[in-house]
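Enquirer: this one's structure only:
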């Protein structure tokens with residue numbers, strides 16, 4: 001889930017925090033200021049195989065000097081790649097990492113463009129007066145802290161895109177249209193990863209197995225496993241920039257605790273029809289903790305991946321404890337992301353709207 005490393009401002013939304021769509025109802029198009037239907041998105045849904053981004057395009061986007069314009073291109077590219085992968089893996093496979101990343105990148109764009117600048121209120125102003133500059137240097141002024149967040153979020157947005165998007169695009173270019181697995185072809189493809197890109201390679205191998213799996217349960221397990229491996233790579237790569245975007249949230253002590261609360265509690269993630277607070281447990285979706293194929297986890301590798309960061313791979317209650325107390329903490333982020341991806345993997349609205 002790319003780039004949810006944002007400033008302490010709470011975005012406004014017509015949807016209350018951690019509100020979930022009504023069970024059995026069609027998911028609405030989400031907050032009107034965050035996602036919208038577009039011709040480009042509709043074209044990507046109708047004919048996703050017609051869209052492609054080569055290395056030159058990705059390099060050009062990565063080197064754009066305007067971080068806001070660059071973010072919009074990145075968000076659009078994630079949307080297109082996600083739709084293309086969805087077309088390859090089938091409707092019964094559910095959402096892939098790139099689709100989730102498009103919404104997270106859109107949220108990051110709010111910080112990059114300065115749309116979520118903090119309004120802390122009376123409690124926040126009082127709490128900030130107790131923060132020691134020695135403990136939290138960048139919090140000496142809110143403006144300085146926010147500018148630091150904007151820079152860090154923009155850098156993280158670009159860095160993850162440079163790292164993961166080329167491999168997703170290469171995967172689509174290599175295997176689109178294949179009807180059966182080909183070990184020799186996979187082995188040749190696997191030579192194109194960097195020495196430190198093991199999570200990306202393993203994640204895409206899960207996608208590759210899911211492409212040809214006829215059983216909906218195991219197919220969705222493969223794709224969820226791939227999503228979490230890519231999310232792990234993304235979040236490990238983002239870790240330094242998230243800590244830079246959330247000054248004062250990496251240490252211990254009372255003053256640091258205030259910073260963690262003020263910043264984590266004010267971050268939300270708008271998705272179609274709902275607005276999730278990252279500090280609250282991921283809510284159930286349409287009355288269920290997860291789609292039917294993912295109620296029970298059989299794949300021991302997937303269970304281990306969920307449990308690695310303190311998540312619950314059991315059959316019930318696995319959304320409890322997913323709320324982050326400190327978004328600067330890698331384990332907190334991965335627990336939230338695991339719950340989010342498992343619970344919303346089958347949400348068709350993720351493909352019916354496009355983040356701006």
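Expert: Perfect, I can see it now. All values derive from a computational prediction rather than experimental measurement. Numbers count the residues shown, from 1 in each chain.

Enquirer: and residue 355, what are its phi and psi?
Expert: In this entry, residue 355 is assigned phi and psi values of phi -60, psi 150 (degrees, to the nearest 10).

Enquirer: is it true that it touches residue 99?
Expert: No - the criterion here is C-beta atoms under 8 Å, and residue 355 misses it with residue 99 at 9.9 Å. C-beta here means a position set from N, CA and C on the backbone, and glycine is covered the same way.

Enquirer: Tell me which of these two has more neighbours.
Expert: Just comparing residue 355 and residue 99: by other C-beta atoms under 10 Å the higher neighbour count belongs to residue 355, 26 against 23.

Enquirer: Next, show the common contact partners of residue 355 and residue 99.
Expert: Any residue near both residue 355 and residue 99 by C-beta atoms under 8 Å, 6 or more residues apart in numbering counts here, and that gives residue 79.

Enquirer: and the longest helix along the chain, which residues are buried?
Expert: With DSSP state H setting the assignment, residue counts place helix 142-175 as the longest helix in the chain. Applying a neighbour-count criterion of 16 or more other C-beta atoms under 10 Å, the buried positions in helix 142-175 are 142, 145-146, 148-150, 152-172, 175.

Enquirer: number of nearby residues for residue 298?
Expert: The tally of other residues near residue 298 (other C-beta under 10 Å) stands at 9.

Enquirer: mind listing what the nearest residue to residue 311 once chain neighbours are set aside touches?
Expert: With C-beta to C-beta, 6 or more residues apart in numbering as the measure, residue 338 is the residue that lies nearest to residue 311, at 4.4 Å, once sequence neighbours are left out. Residue 338 makes contact with 228, 231, 306, 309, 311, 322 under the criterion C-beta under 8 Å, 6+ apart.

Enquirer: what's the closest of those residues to residue 351?
Expert: Ranking these by separation from residue 351, with C-beta to C-beta as the measure, puts residue 231 on top at 18.7 Å.

Enquirer: Could you look up the SS state of the closest one?
Expert: Look at residue 231: counting by DSSP: H, G, I helix; E, B strand; the rest coil, its state is helix.

Enquirer: one step back: would JSON lines of the contacts of residue 338 with secondary structure be doable?
Expert: Compiled in JSON lines, the contacts of residue 338 are given as follows (three-state DSSP):
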{"residue": "228", "secondary structure": "helix"}
{"residue": "231", "secondary structure": "helix"}
{"residue": "306", "secondary structure": "helix"}
{"residue": "309", "secondary structure": "coil"}
{"residue": "311", "secondary structure": "coil"}
{"residue": "322", "secondary structure": "coil"}
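
Enquirer: between the residues you listed, which is nearest residue 267?
Expert: Proximity of the contacts of residue 338 to residue 267 was ranked by C-beta to C-beta; the top entry is residue 322 with 14.3 Å.

Enquirer: Now for that closest one, how many residues are close by?
Expert: Burial measure for residue 322: 24 neighbouring residues, criterion other C-beta under 10 Å.

Enquirer: I'd assumed residue 310 was in contact with it.
Expert: No - assessed by C-beta under 8 Å, residue 322 is found out of contact with residue 310, at 9.6 Å.

Enquirer: any shared contact partners between those two?
Expert: residue 335.

Enquirer: Do a quick rundown of the helices in the stretch 151-300 of the chain.
Expert: Read by DSSP state H, counting those that start in this stretch, the stretch 151-300 of the chain holds these helices, from start to end of the chain: 183-189, 198-212, 216-245, 254-264, 300-308.
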